[in-house]
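> I would like to see how this sequence folds:
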Amino acid sequence: MIGLTPERIAEELRGYSARLTEGVQTLSRIGEIEAGVSARDAVYREDKLTLYRYRPRAEKPHSVPLLIVYALVNRPYMMDIQEDRSMIRGLLESGVDVYLIDWGYPDAGDRKLTLGDYIHRYIRHCVDYLRERCQRDSINLLGVCQGGALSLCFSSLYPEKVRNLVTMVTPVDFHTPDNVLTHLIRHVNVDLMVDTFGNVPGAMLNFAFLSLSPFRLAGQKYVDLIDIIDDLNALKNFLRMEKWINDSPDQAGEAFRQFAKDFFQQNKLVKGEVVIGDRRVELRNLTMPVLNVYATQDHLVPPPASRALAALHGSPDYSELSFKGGHIGIYVSARAQREVPPAIAAWLLAH
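Residues are numbered from 1 along each chain as shown. Below is the predicted model:
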C-alpha cells in the first residue's frame with residue numbers, strides 16, 4: 001500500500017503499544033462501575049420485584065405518577081445509565097413523578113411464573129399501590145420494549161386504571177418482514193428449551209441478541225476501544241454499557257414459553273388471540289390517550305413492528321413520536337436526551 005513503509009508500521013506499533021500501556025493504567029484507576037445514578041427509594045416489594053420511586057428534581061412534580069414497566073430480559077438501569085445520559089433524569093427534570101418496576105433476578109423457585117403472574121399480579125399490584133399512594137383512580141404507564149408489550153396487555157385488560165399510556169420501542173406486530181429476532185425465534189423448539197432448562201438462561205439469550213449484529217456488537221466496538229482507552233470518562237461510559245449488556249437475568253420458564261410462542265411465533269397480539277390468565281387481550285380496549293415512541297433505525301424492534309399499533313388501538317387520542325436512532329441510542333445518545341424525555345413529559349403533562 002502507498003505510504004506504508006517499515007518505518008511507518010514501526011511508528012504505528014509504538015503508538016499502539018503506548019496507548020495500551022496508558023490504558024492499563026487508566027483501567028486500574030476506574031474502580032466500581034455504578035449501575036443507575038439517580039437517587040431513588042424502594043416503596044413496595046413483592047417476591048423478587050422492587051418498586052422504586054425516583055426522588056423528584058422539580059420543586060412541585062406532577063400529581064399523576066408515571067410507572068415505568070421495563071423488559072424482563074434486561075436490567076432497567078439502561079434508562080438511568082449515567083448523569084448526562086439518563087431518560088429518567090430527563091423526565092424528573094421535566095416535572096414527572098417517576099416510579100419504576102425492577103423485576104430482580106428470577107431463580108429456580110420462579111420457573112412456574114406465567115405472564116398472568118406478571119400482568120394480573122405484579123403490574124396490577126404496583127399500579128394499585130400507586131393509585132392508593134397518590135389518591136388517583138388511574139396513573140400514567142410507560143412500557144419499554146418487551147415491557148411495552150406487557151403494558152399493552154395490562155392496559156387493555158384494566159383500562160380504567162391507566163390514565164395515559166406511553167409505549168417505547170415496543171413490538172406489536174411480531175411478523176413484519178424486517179423483524180430479524182422473530183426469524184431467529186420462529187424455528188426454536190420453545191417447549192423443549194423450557195422443559196430442559198426450567199428458567200431460560202440469560203447468558204444464552206444475550207448471545208442470541210448479540211448475534212443479530214455480531215460485527216458491531218461483538219467485534220468492532222472492541223477494535224474502537226483503543227481510541228478511548230486512555231480517556232477515563234469515556235472508558236467508564238464504555239464499561240457501563242458493557243456491564244448492562246452482560247447483566248442479563250434468567251427468564252422465568254413458563255412466562256418465557258408463552259411470550260415466545262404466543263407473541264413471537266404465532267403473532268397473537270395483533271390477532272386478538274393472546275389470553276392472560278382467563279382473559280383475552282383486545283387492543284381496541286386501549287381507550288386512553290396513547291403515545292407510541294419508536295426508533296427509525298431499530299434493529300430489534302423495527303418501526304413497522306411498533307407502528308402496527310396505529311391500526312389496532314381504540315383510542316380517540318393516538319400519537320406517534322419517531323426518533324432517528326437505534327434501539328439503544330433512544331436511551332443513551334446525546335440527541336435522545338435533548339429530544340425524547342422532554343417530548344414524553346410534555347405529552348404527559350398536556351394530558
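
> Can you find the helix or strand in this protein with the smallest mean pLDDT?
helix 214-215 (a mean of 54; mean pLDDT, DSSP states H and E).

> Show me where the stretch 151-300 of the chain has its helices.
Listed in chain order, the helices of the stretch 151-300 of the chain (DSSP state H, counting those that start in this stretch) span residues 180-185, 190-197, 202-210, 214-215, 221-224, 232-246, 253-258, 268-271.

> Out of those helices, flag the one nearest Pro303.
helix 180-185 (13.5 Å; C-beta to C-beta). Where you see a C-beta, it was placed from the backbone N, CA and C, and this is true even at glycine.

> Relative to Ala350, how far out is the residue nearest to Ile123 when sequence neighbours are not counted?
Nearest non-adjacent residue to Ile123, counting by C-beta to C-beta, 6 or more residues apart in numbering: Phe154, 5.0 Å away. According to C-beta to C-beta, to the nearest Å, Phe154 stands 23 Å off from Ala350.

> With Val43 instead?
27 Å.

> More neighbours: which of those two?
The neighbour comparison of Val43 against Ala350 (other C-beta atoms under 10 Å) goes to Val43, with 14 against 8.

> Do you know the pLDDT at Lys236?
We have a pLDDT of 73 for Lys236.

> I'd like to know how many residues surround it.
There are 15 residues near Lys236, going by other C-beta under 10 Å.

> what do you get for Tyr105?
Neighbours of Tyr105 (other C-beta under 10 Å): 14.

> And for Val275?
Neighbours around Val275, by other C-beta under 10 Å: 13.

> Surely it is in contact with Val281?
Yes - Val275 lies in contact with Val281 (C-beta atoms under 8 Å); the separation is 7.3 Å.

> pLDDT weak spots in this structure?
For the chain, residues meeting the criterion pLDDT under 70 lie at 1-4, 9, 12-31, 33, 209-232.

> sorry, back to before: please enumerate the shared neighbours of Val275 and Val281.
Listed as contacting both Val275 and Val281 by C-beta atoms under 8 Å, 6 or more residues apart in numbering is no residue at all.

> Pull up the gap between Val144 and Val166, please.
When Val144 is compared with Val166 (using C-beta to C-beta), they lie 9 Å apart.

> Looking at the two, which is more packed in?
Neighbours around Val144 and Val166, counted as other C-beta under 10 Å, are more numerous at Val144. The numbers are 27 against 24.

> do you know how far the more buried one is from His327?
On the measure of C-beta to C-beta, Val144 and His327 end up 10 Å apart.

> Show me the common contact partners of the two, please.
Joint contacts of Val144 and His327 (C-beta under 8 Å, 6+ apart) are Val169.

> can you map out the strands along the chain?
40-46, 49-54, 66-69, 98-102, 139-144, 162-168, 275-276, 279-280, 290-295, 318-323 (DSSP state E).

> in the first one, what's buried?
Along strand 40-46, the positions that meet the burial threshold by neighbour count (16 or more other C-beta atoms under 10 Å) are Arg40, Tyr44.

> what angle sits between it and strand 49-54?
Per axes from the mean of the first three to the mean of the last three C-alpha atoms, to 10 degrees, the angle that strand 40-46 makes with strand 49-54 is 150 degrees.

> In its sheet, which strands sit next to strand 40-46, and in what direction?
Paired strands of strand 40-46, with direction, are strand 49-54 (antiparallel) (DSSP bridges).

> and the strand it pairs with, how far out from the chain's middle?
When distances are taken as C-alpha atoms, centre = their mean, to the nearest Å, strand 49-54 is centred 16 Å away from the chain's centroid.

> Can you give the contact residues for that strand?
38-45, 80, 88, 92, 97-104, 122, 126, 129.

> Report the buried members of those.
Looks like the contacts of strand 49-54 have 38, 40, 44, 80, 88, 92, 97-103, 122, 126, 129 buried, using 16+ other C-beta under 10 Å.

> can you name the two of these that are farthest apart?
Maximum distance among the buried ones among the contacts of strand 49-54 (C-beta to C-beta): 23.8 Å, for Leu92 and Tyr122.

> Tell me which residues touch the residue nearest to Ile123, please.
Val69, Ile119, Ile123, Arg124, Val127, Leu141, Val162.

> Can you point out the buried residues in stretch 131-148?
Arg131, Ser138, Ile139, Asn140, Leu141, Leu142, Gly143, Val144, Cys145, Gln146, Gly147, Gly148.

> Which residues are in contact with the fourth one?
For Asn140, the residues meeting the contact criterion (C-beta under 8 Å, 6+ apart) are Val64, Pro65, Leu66, Leu67, Val162, Arg163, Asn164, Leu165, Val166, Leu348.

> Mind putting those residues into a markdown table with distance to Tyr318?
As requested, these are exported to a markdown table (distance: C-beta to C-beta, whole Å):
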| residue | distance to Tyr318 |
| --- | --- |
| Val64 | 19 |
| Pro65 | 22 |
| Leu66 | 19 |
| Leu67 | 20 |
| Val162 | 14 |
| Arg163 | 15 |
| Asn164 | 11 |
| Leu165 | 10 |
| Val166 | 12 |
| Leu348 | 15 |
